[in-house]
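> here's a sequence, model it:
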Amino acid sequence: MCKYLNTDTLYCSQHEAHITAKFCEKVCSYRWPNKLELAKNFAKAVTKRARRIENRSDEEIAAIFLICQKCERFEENNGRPRCRHVKCGCFLLNKIKWVTEHCPEGKW
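Numbering: from 1, shown residues only. I've put the predicted structure just below:
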């Protein structure tokens, strides 16, 4: 479910409108990706990684992580930072290491 949707009033502060939970589940990019979407996103990342196995430098990783922490889609659960973007959903400490991966919003 989208973190901006109030489930009592069905008001989405991101869309500034009353919407249905069904709408949120289908189109809102602020929701978590479902398991199938996560699997697809991960499969794409692994496929790109298989073609070019290379990691970013520690300095690049630190700079990218700072960018992620400032993003409204950043969320940390049990010490594991994740991206809430529907086209991502990745555990960031893994994703930001791979040179083949990028932010779905083009921030890095």
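> what pLDDT does the model give residue 29?
If you check residue 29, the pLDDT there is 62.
> may I have the phi/psi pair for residue 98?
The phi/psi pair for residue 98 (degrees, to the nearest 10) reads phi -80, psi 130.
> okay, and the beta partners of it?
residue 55 (DSSP bridges).
> list the contacts of it.
By Cβ atoms under 8 Å, 6 or more residues apart in numbering, residue 98 lies in contact with 45, 48, 49, 54, 55, 56. C-beta coordinates here come from the backbone N, C-alpha and C atoms, glycine included.
> check it and give its pLDDT.
On the pLDDT scale, residue 98 gets 85.
> chain center to the longest helix seen in the chain: distance?
Scanning the chain for the helix with the most residues, using DSSP state H, yields helix 35-51. Relative to its chain's centre, helix 35-51 lies at 13 Å (Cα atoms, centre = their mean, to the nearest Å).
> in this protein, which spans are strands?
Along the chain, the stretches classed as strands by DSSP state E are 5-6, 11-12, 17-18, 74-77, 80-83.
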